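In: Make a model of this:
(one chain, ligands or ions: 2)
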Amino acid sequence: MNIHEYQAQSILANYGVPVPSGIVVDSLKEAMTAVTELGGRQWVVKAQIHAGGRGKAGGVKLANSPAEVEEHVKRILGKKLVTHQTGPEGKIVKKVYITKAIDIKKEYYLGMVLDRTSEMPVMIASSEGGVEIEEVASSAPEKIIKVRIDPLIGFRSFHARKLGYGLKLPKEQMKDFSQFAAKLYKVYREKDANLIEINPLVLQENGKFIALDAKIGFDDNALIRHPEILAMRDPDEEDPAELEAGHYGLSYVKLNGNVGCMVNGAGLAMSTMDIIKHEGGEPANFLDVGGTATAETVAKGFQIILRDKNVKSIFVNIFGGIVRCDRIANGILEAIKTTKVKIPIVVRLDGTNAEKAAQILQNASLENIIPAFNLADGSQKAVKAAKGELS
Ligand code: GDP
Ligand code: MN
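Out: Ligands and ions are numbered 1, 2, ... in the order given. You can find the predicted model right below:
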């Protein structure tokens, strides 16, 4: 789960990480009140959407007077913002964060992610802050410093020193930097984050570091331990189909292809996507209907897949272990009736009662149901059907 910048900064502030003072608003009137409340002479108007690259896209604006704040809020609030992370359709800005402007001496990058290879969190720092870290990684990889942190040992001063020396920080900044990094690690651990990105981490004229921008992602499986974070969820930022799927216990992730997939079990779902690609097709989604697929979950699955207008065929790939194939076959028929599926559906049901299931589907004699006899056969047929090459 992701949260907004203003929420991330409030979490960091609770851990004593310096962040700019700011007030989040959803109207121009509130924005002007915020300016008075914050005081000062320079402010920043920041679009609150779950995507980076706002600055380049005109979603982060410095204002030298309340009149300029007004101008920027009018231009940003309620408008669509297209950044390199939103996709071409962009996102409507429903809230803006008004912050007191910070003076910048130098911009750095500081982040944390889980490194699955070493099975440890890794802290990443770079002297090239404020720009995309992916770009630095490919053009100047030597400017990226990483330290793995064994969670059993925790964040120690040698970690901080390695990062600080790598950044070529002046000696007087080392202490402040290492305290900053230690707090970041604490947030990561205690809040079950799987990503923290401070870009830029700003060194101010007064020699202190501040988290000018903040992004935090959380491990969904740990949210049960953090009701305060779950309360920060912004449904406007989530795919409505993914939300609805979650409501019915299905895991759905929308992708960009045209072969819809309905599979039971995450592992089989992933191999199904792989084999579709192997056959020259593009999966339209990941959908795990769960180990206990029922007629209802299958029907819901069809509805969710079909909401995506790019879908040209559906590959149902279900292995009946606990769940019996004949039940799924009935579920599919019922779902096709209720959701009026018109596009080709390639069905591979294998495992318990597979023969019975095949019989049920055959007896129904629906012309858009195409039986498949194994994984390869099914994926080939689904890819062909999506291309309109299956007659
Ligand atoms: P992003 O583009 O979505 O990553 O948004 P950021 O919050 O990182 O802001 C983009 C850029 O705007 C930063 O890299 C800074 O250069 C600039 N910026 C943001 N806030 C301030 C501020 O308080 N003072 C100054 N001088 N620049 C700022
Ligand atoms: Mn940023």
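In: Spell out the secondary structure type for the closest residue to ligand 2 within the stretch 1-150 of the chain.
Out: Here the stretch 1-150 of the chain gets closest to ligand 2 at one residue, residue 52, 5.8 Å apart by C-beta to the ion. C-betas here are computed from N, CA, C, even on glycine. Of the three states, residue 52 takes coil under DSSP: H, G, I helix; E, B strand; the rest coil.
In: Not counting its neighbours along the chain, what's nearest it?
Out: Distances taken as C-beta to C-beta, 6 or more residues apart in numbering place residue 85 nearest to residue 52, at 5.1 Å, with adjacent residues excluded.
In: doesn't residue 55 make contact with that neighbour?
Out: No: counting by C-beta atoms under 8 Å, no contact exists between residue 85 and residue 55, whose distance comes to 11.9 Å.
In: Can you tell me the element residue 252 falls in?
Out: strand 251-254 (DSSP states H and E).
In: Give the bridge partners for residue 215, please.
Out: residue 197 (DSSP bridges).
In: Could I get the pLDDT score of it?
Out: In this model, residue 215 is scored at 97, pLDDT.
In: just residue 303 next, same as before
Out: We note a pLDDT of 89 for residue 303 in this prediction.
In: what do you get for the one 3 residues further on?
Out: In this prediction, residue 306 carries a pLDDT score of 91.
In: sorry, back to before: number of nearby residues for the residue of the stretch 1-150 of the chain closest to ligand 2?
Out: 20 (other C-beta atoms under 10 Å).
In: what do you get for residue 355?
Out: 10.
In: tell me the phi and psi of it?
Out: Dihedral angles of residue 355 (phi, psi; degrees, to the nearest 10) stand at phi -70, psi -40.
In: Same question for the one 10 residues further on.
Out: Main-chain dihedrals, residue 365, degrees, to the nearest 10: phi 30, psi 60.
In: do you know how far it is from residue 371?
Out: From residue 365 over to residue 371 the distance is 11 Å, taken as C-beta to C-beta, to the nearest Å.
In: remind me, longest helix of the chain?
Out: helix 174-190 (DSSP state H).
In: what comes up buried for it?
Out: Neighbour counts over helix 174-190 (16 or more other C-beta atoms under 10 Å) mark 174, 176-178, 180-185, 187-188 as buried.
In: Get me the contact residues on the stretch 1-150 of the chain for ligand 1.
Out: Residues of the stretch 1-150 of the chain found near ligand 1 (C-beta under 6 Å from any ligand atom) are 20, 44, 46, 52-55, 60, 62, 99, 101-102, 104, 107, 130.
In: Let's see that with 8 Å instead.
Out: Contact residues, the stretch 1-150 of the chain versus ligand 1 (C-beta under 8 Å from any ligand atom): 5, 20, 42, 44, 46-47, 51-57, 59-60, 62, 83, 99-104, 107, 129-130.
In: all strands of the stretch 101-250 of the chain, in order?
Out: Ranges of strands within the stretch 101-250 of the chain are 106-115, 120-126, 144-148, 193-203, 209-211, 215-218, based on DSSP state E, counting those that start in this stretch.
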